[in-house]
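> Take a look and give me a structure for this.
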Amino acid sequence: LRLRHEMIRDAVLAKMSDDEKLFMSDVILTFLQRQGVELHADEEFRLRHLGSHGKKTDEPRHENFWKDYSAAAATSIKNAIGKRAYHRAHQTALTVLGTLDEDNKLTAIGKEVEKLTNESSNPSETVKQLVILTTTTALQTSVEMGRYKEALHCYNKICALNDKRPDLGIDMKEVHQSGFQAAYMTEEVSLMEAILGELKETGSLTESEAFHCDLQLAYRQAMAQNDFSIYSNAVVENQKLLDGIKKTREKDFYEFYRLNGRANFEKIIAELRALGIDDDAHLDPGLLTPEQTKILLAYRNLLTTCRNQQKEDHNTYSHTDELTLYELSGQISQHLGLYEESSDQLREACRIAMQMKNYHQAARIAHNKCRAEMAQAAIVVNYPHPGEDGAYVPGSIDKLRERKELDKNLIKKAIQTMTELGLTLVSTDKGDKGLERNSDMHIFMRIQRIAAISELLEGYEKDEDVLEVLGLDTLVEKHEIEPYVHMAIEDLNVLKQLTEEDPEFAKVVNASHGYYPYYTTPFAAHIVSMATKYDISTESLDTDSPFLKPESVDRATGYANGLKPDNLNSNGKKKQRLQTAKDVFANAA
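Below is the predicted model:
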């Protein structure tokens, strides 16, 4: 009924002239005021906006209208931001501006931004203030909602406007701070350096604000150069200020330890990569040294305190910071072998990311959640703990579950995570907004689901001697595994299509190092062999895929031989499947 009402309303409005819309909005507002009806700020703004069509910013007879309109917009935005309803504030700002991307959709105020930037206008003070309010609100709310590319677009618009019209008195400190956060989240180090230089030139940063900016920049520089001494040196340089922050236990304290936890975690991950083992084996808690275990356990406990603080005071972190807090907690738990705890934390992080429409981060989190669930299904862990001598004892593998012991329900849950939380984020050909089809995370999610399906099918395999005793050919019902086989075929076909659509992806898939075939081809071979064994059709599989060719098997084998053995036998299982992969694919062709 509501949808029908909105359709009728839109159809009627489309037939009305600008004067008729203004008349109708004036009549409704006057009537409601006489009736003593107190309108919500958003409702009053929408009615005022209805009458804005056709109004010019440079006509004196429209001056009173723009004053009322500006006041309604300001109240709507202020109320929304006060309640942390950033989507509402963002919507109001863009309604006033029209859009910042397409000139033909700009409103009178949106066009005024362009005129001011081109120095071809000198509107009233009311219009100037409305321009400043809406452009800066669009920037701030874009950052809060995780729309960082949009935020940088707004940032550049405002900087251009300020360069041409410094007399507008825009608070460039807040603008630069929002731009800095957007650059930080998009990992644009050179832009961060430039913006921080602008901020420091203004001399408006507090000592604490400058400290956090310096640390964020140092962290991104350390990640980009794979040199974590850059970050640790920045911490040492600010030790005196840091000592004061530790004593206060206020917002600065929690923000520092969230960032410091991330920096220490990434340093440990870099050290794990240097071990030269299969990436799928990195969730073995026994890989951690006692010191690394001590660090991660300390940050696990501290991040729990940070999450509790956020529950007590929702203003401790922004939505963006809250998201990274939950994601980091989940990743740390994952590497400590606390897989169920990790899955719960990553589920919450994924919820926040999707709420913010931060599709890339949501996909990354869903990918990690799937990995945690697969590890929980296959590994029995002895948990890390303090030893008798005071040193920390890392977690260890108690046992790897055999095929018949694998928790198939947990693996199905992992596949469901990848399907419903991950792959649904990918943009469709219908023009829906979401994760770009050629995004690296789309590729990783497809590969991860193939791996999970292979693990599930392994759980259905039984030893031949058991079958012989029971007098059965198979203990597996075809209908149980057939949907998963077809799901994997879809993933393999999509990966093949992506190599055709994206030359850069095709280049790395066919590169001599064999990285992508190593993490895809062995699982594909296992799935196709299971389909053959249980008479499941693979006719829809595009066997011309670069992942299924003999040379891919050779490249994957070369990559496998360059890795060291691991405790999860991830490398060993892939090598075993690669031995028969050429024959499996030849029979399926």
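> got the contact list for residue 286?
Shown in contact with residue 286 (CB atoms under 8 Å, 6 or more residues apart in numbering): 394, 395, 396, 397, 567. Using the backbone N, CA and C atoms, a C-beta is placed for each residue, glycine as well.
> Scan those and report the most crowded one.
Using other CB atoms under 10 Å as the neighbour criterion, residue 394 leads the contacts of residue 286 with 25 neighbours.
> Could you measure from that one over to residue 417?
27 Å (CB to CB, to the nearest Å).
> for residue 376, same thing?
Going from residue 376 to residue 417 by CB to CB gives 12 Å.
> swap in residue 127?
In this view, residue 127 and residue 417 are 50 Å apart by CB to CB.
> Any regions of the stretch 151-300 of the chain where pLDDT drops low?
Residues of the stretch 151-300 of the chain meeting the criterion pLDDT under 70: 249-250.
> try 50 this time
Scanning the stretch 151-300 of the chain for pLDDT under 50 picks out nothing.
> now the helices for it?
Here the stretch 151-300 of the chain has its helices, by DSSP state H, counting those that start in this stretch, at 172-185, 189-202, 207-225, 229-237, 239-248, 251-273, 290-312.
> winner for burial among these?
When these are scored by mean count of other CB atoms under 10 Å, the highest mean neighbour count falls to helix 172-185 (a mean of 22).
> what packs against that helix?
Judged by 3 or more CB pairs under 8 Å, 6 or more residues apart in numbering; DSSP states H and E, the packing partners of helix 172-185 are helix 125-144, helix 148-164, helix 189-202, helix 207-225.
> Report the inter-axis angle for that helix versus helix 125-144.
Angle of helix 172-185 versus helix 125-144, following axes from the mean of the first three to the mean of the last three CA atoms, to 10 degrees, is 30 degrees.
> How about residues contacting helix 172-185?
Here helix 172-185 has contacts from 136, 139-140, 142-143, 146, 148-149, 151-152, 155, 158-159, 162, 191-192, 195-196, 198-199, 202, 204-205, 209, 213, 216-217, 220, 320, using CB under 8 Å, 6+ apart.
> at 6 Å instead, please
Contact with helix 172-185 is made by 139-140, 143, 148, 151-152, 155, 158, 162, 191-192, 195, 198-199, 202, 204, 216, as judged by CB atoms under 6 Å, 6 or more residues apart in numbering.
> Could you tell me how many residues sit around residue 569?
Residue 569 has 14 nearby residues by other CB under 10 Å.
> ok now do it, which residues does it touch?
Taking CB under 6 Å, 6+ apart as the test, residue 569 contacts no residue whatsoever.
> Just the pLDDT at it, thanks.
Looking at residue 569, its pLDDT reads 91.
> Please report how far it lies from residue 455.
Distance, residue 569 to residue 455, using CB to CB: 13 Å.
> remind me which residues of the stretch 301-450 of the chain are low pLDDT?
Those would be 430-431, if you go by pLDDT under 50 across the stretch 301-450 of the chain.
> Between the two ends of stretch 331-340, what distance do you get?
Stretch 331-340 has its terminal residues 12 Å apart, counting by CA to CA, to the nearest Å.
> Report the buried residues of that stretch.
Neighbour-count burial for stretch 331-340 flags 331, 332, 333, 334, 335, 336, 337, 338, 339 (criterion: 16 or more other CB atoms under 10 Å).
> Please apply the same query to stretch 118-138.
121, 123-124, 126-128, 130-138.
> what do you get for stretch 68-76?
Buried-residue list, stretch 68-76, by 16+ other CB under 10 Å: 69, 70, 72, 73, 74, 75, 76.
> Geometric centre of this structure: which residue is closest?
Nearest to the geometric centre of the chain sits residue 361, at 1.1 Å (CA atoms, centre = their mean).
> ok, residues contacting the helix or strand containing that residue?
Element membership of residue 361, judged by DSSP states H and E, is helix 359-378. If you take CB under 6 Å, 6+ apart as the criterion, helix 359-378 is touched by 283, 327, 334, 339-340, 342-343, 346, 349-350, 353-354, 401, 406-407, 410-411, 413-414, 417-418, 421-422, 425, 434-435, 441, 444-445, 448, 452.
> Now do it and helix 172-185, the angle between them.
Calculated by the same axes, to 10 degrees, helix 359-378 forms an angle of 40 degrees with helix 172-185.
> can you give me the strands for the stretch 301-450 of the chain?
Remark: strands assigned in the stretch 301-450 of the chain by DSSP state E, counting those that start in this stretch are 379-382, 385-386, 392-393, 396-400.
> can I get those strands in CSV with distance to residue 232?
Below are the strands of the stretch 301-450 of the chain laid out as CSV (distance: least, CB to CB, whole Å):
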stretch, distance to residue 232
strand 379-382, 31
strand 385-386, 25
strand 392-393, 21
strand 396-400, 29
